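Enquirer: Let me see the structure of the following:
(one chain, ligands or ions: 1)
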Amino acid sequence: MPVSTHITPAYMEGGFLQNSKECDIELLEVVGVIPDWLQGELIRNGPGQVMVDKPMRHWFDGLAMLHRFHIANGKVAYRSRFIDCAAFRATQKEGRITYSDFATDPCRTLFQQLQTIFNPDPKITDSAKVNVGQIGEKTFAWGEPLMQIQIDPETLKTVGVYDYGKYGGNRMTTAHPLVDEHGAYNLVVQYGPINFYKIYEISGDAKELASVPVQLPGYMHSFGMSENYFIIAEYPLVVQSIMLLFRAKPFIENFDWKPRMGSRFIIIDRKTGKRVSTIKVPAFFSFHHVFAKEKDGLLEVDLCAYENADIISEYYKERLVQSDNPLPKGSMWRFTLNLEKRTCIERRELADVCLELPVIHHAFAHRHGSYRFVYGCGVNEANPTEFYNQIVKIDIESASAKHWYKPNHYPGEPVFVANPDARTEDDGVLLSVVLDTQNKQSYLLVLNALTFEEMAKASLPHTILFGYHGTFLHRN
Ligand SMILES: [Fe+2]
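Expert: This next block holds a predicted model:
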């Protein structure tokens, strides 16, 4: 009889499987010194409940929990709350998964399955668990359904739901709206007899700025924006929209990878809303746009990219628990596009360094029209089959990287906070929530972004599930 040598990674329990609880802790134990200028709150979003009547299957499933680390005068307070929404309330009441998530659907009886086919009511989760950020003075939690939940950043209570008004319906959006001095924008995919990619202005009442018909819509997690253009990078992970209307399978499992279609950049003029160029390139996949810049009549688009969309399958927990193979490697790619000639002049990997959850100093990049450093999570070569186990800082000018790595410590997305007196792009700190599997606890790491030296850590008495994105709100 063959003997299994498989060992479950220690991070599965705390990072992917164990439900979190709401709590308030007035004072976390801090080791090290938090800089005086760091005053405000880190708010992070991610799954908080992943086990209901059955376990949720994928890293991108779960009921949203917000985590607030309030930093003042070197001290740290912590608060966690589930996002109050219809999916959360129904799940607590019924004790079972009641809404469809990214890769997990509720259990259905045969009767319910037939009912779903003849009376499609997908009840897609409104638990906005992916991202958190600000538009004007308002703070929002964002997910991919058209449900953007306004929260109070202090209490983490739901204040309201952003109203897409007449633009509601059978549409999905991204959890990565883009904001500049002109407004706030998001990409929306509308499914129906004719499918569309749309750009909405969302800083006030929702307003449609652009609409591009598409036969087979792709799965897109973010989009790009330069001074004059919106950039839709479309990957050949596509869906027949009728499959989504009947929803026999969880959302993402209706999509197929069709590499022969290639990928496309659809470029839209921000002023007119008209499509100015469509540029086909060999197939690739990406979750995250990083930056876009117009230069010498060309458009440079930087993304954290993959050769294909296998990374989505690798985030199923049944795959993560096996840990036999490394995760597919994402890295920084730059596409240089000639919009007039509708050609991609160059596709270049900016650094051969594993990266996901990329972060840059956005204000600096916006001010200077360029950036040099990108931070994120990666996998250290010492333990190449693990989940993300290090924080990286990539210098794209020299294609070199620094990293912060500790065996048995698993960091989340590093949020960059600039020193108010900064003289360089990387003068600031990175804030990351790290899972320490040996001590079975998570902690907030304050890392010097310039030197990559640890400055401080504020420890929790428990673990926090691996989340996705966060933001830092300054308080004076
Ligand atoms: Fe994301």
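Enquirer: Dump the C-alpha coordinates for stretch 246-262 into CSV.
Expert: What follows is stretch 246-262, C-alpha atoms only, in CSV (Å, rounded to 0.1, in the frame of the first residue of the first chain):
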residue,chain,number,x,y,z
PHE,A,246,-28.1,29.9,-15.7
ARG,A,247,-25.3,29.5,-13.2
ALA,A,248,-25.1,25.8,-13.0
LYS,A,249,-21.5,26.3,-11.8
PRO,A,250,-19.8,28.7,-9.4
PHE,A,251,-18.9,32.1,-11.1
ILE,A,252,-15.3,31.5,-12.1
GLU,A,253,-15.9,27.9,-13.2
ASN,A,254,-18.0,29.2,-16.2
PHE,A,255,-14.8,30.7,-17.7
ASP,A,256,-12.5,28.8,-20.1
TRP,A,257,-8.9,29.5,-21.0
LYS,A,258,-8.7,29.9,-24.8
PRO,A,259,-5.1,30.9,-25.5
ARG,A,260,-5.5,30.9,-29.2
MET,A,261,-7.7,34.0,-28.9
GLY,A,262,-4.7,35.9,-27.5
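Enquirer: in stretch 91-107, what counts as buried?
Expert: Going by neighbour count (16 or more other CB atoms under 10 Å), the buried part of stretch 91-107 is 91, 97-106. C-beta: built from backbone N, CA, C; applies to glycine.
Enquirer: again but with stretch 30-37, I slipped
Expert: 30, 34-35.
Enquirer: does the closest residue to residue 457 other than its chain neighbours sit in a helix, a strand or a coil?
Expert: Closest residue in space to residue 457, ignoring its immediate chain neighbours: residue 443 at 4.7 Å, by CB to CB, 6 or more residues apart in numbering. Secondary structure assignment for residue 443 (DSSP: H, G, I helix; E, B strand; the rest coil): strand.
Enquirer: Does residue 443 touch residue 458 like I think?
Expert: Yes - counting by CB atoms under 8 Å, residue 458 is a contact partner of residue 443 at 6.1 Å.
Enquirer: Where do the helices of the stretch 301-450 of the chain begin and end?
Expert: Remark: helices assigned in the stretch 301-450 of the chain by DSSP state H, counting those that start in this stretch are 310-314, 317-320, 362-368.
Enquirer: export those helices to TSV and tack on distance to residue 304?
Expert: Formatted as TSV, the helices of the stretch 301-450 of the chain follow (distance: least, CB to CB, whole Å):
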stretch	distance to residue 304
helix 310-314	10
helix 317-320	19
helix 362-368	15
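Enquirer: would CSV of those helices with mean pLDDT be doable?
Expert: As requested, those are exported to CSV (pLDDT from 0 to 100):
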stretch, mean pLDDT
helix 310-314, 97
helix 317-320, 94
helix 362-368, 95
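Enquirer: Looking at those helices, which is nearest to residue 297?
Expert: helix 362-368 (19.7 Å; CB to CB).
Enquirer: Any buried residues in that closest one, and which?
Expert: 362, 364-366.
Enquirer: Same check on stretch 50-61?
Expert: Buried, per 16+ other CB under 10 Å, within stretch 50-61: 50, 52, 56-61.
Enquirer: Can I get the host helix or strand of residue 87 in CSV, CA atoms only?
Expert: Using DSSP states H and E, the element containing residue 87 is helix 86-94. Extracted C-alpha coordinates of helix 86-94, given in CSV (Å, rounded to 0.1, in the frame of the first residue of the first chain):
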residue,chain,number,x,y,z
ALA,A,86,-27.4,40.6,3.0
ALA,A,87,-25.1,37.6,2.5
PHE,A,88,-23.6,37.8,6.0
ARG,A,89,-27.0,38.2,7.7
ALA,A,90,-28.5,35.3,5.7
THR,A,91,-25.6,33.0,6.4
GLN,A,92,-25.7,33.7,10.2
LYS,A,93,-29.5,33.2,10.3
GLU,A,94,-29.6,30.0,8.2
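Enquirer: Within its sheet, name the partner strands of the strand or helix carrying residue 286 and how each one runs.
Expert: If you go by DSSP H and E, residue 286 is part of strand 285-295. When pairing is defined by DSSP bridges, strand 285-295 lines up against strand 298-306 (antiparallel).
Enquirer: can you give me how far the partner strand is from the chain middle?
Expert: 17 Å (CA atoms, centre = their mean, to the nearest Å).
Enquirer: Pull the residues that contact that strand.
Expert: The contact list for strand 298-306, computed with CB atoms under 8 Å, 6 or more residues apart in numbering, reads 224, 226, 229, 231, 233, 265, 267, 284-294, 328-339, 345, 350, 355-356, 358, 376.
Enquirer: same question, stretch 256-263
Expert: 216, 233-239, 280-285, 308-309.
Enquirer: Now which of these would you call buried?
Expert: 216, 233-239, 283-285, 308-309.
Enquirer: Distance to residue 156 and pLDDT added to those residues, as CSV?
Expert: CSV is the format used below for the buried ones among the contacts of stretch 256-263 (distance: CB to CB, whole Å; pLDDT from 0 to 100):
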residue, distance to residue 156, pLDDT
216, 39, 96
233, 33, 98
234, 35, 98
235, 34, 98
236, 39, 98
237, 33, 98
238, 37, 97
239, 34, 95
283, 40, 98
284, 37, 98
285, 33, 98
308, 37, 98
309, 33, 98
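Enquirer: quick one: which of those residues sit in strands?
Expert: With DSSP state E as the criterion, strands contain 233-234, 237-239, 285 from among the buried ones among the contacts of stretch 256-263.
Enquirer: farthest pair in those residues?
Expert: 233 and 239 (16.7 Å).
Enquirer: Wait, a helix at residue 244?
Expert: Yes - assignment of residue 244 by three-state DSSP places it within a helix.
Enquirer: My understanding was that it contacts residue 191; is that so?
Expert: Yes - shown here, residue 244 and residue 191 form a contact pair, counting by CB under 8 Å, at 5.3 Å.
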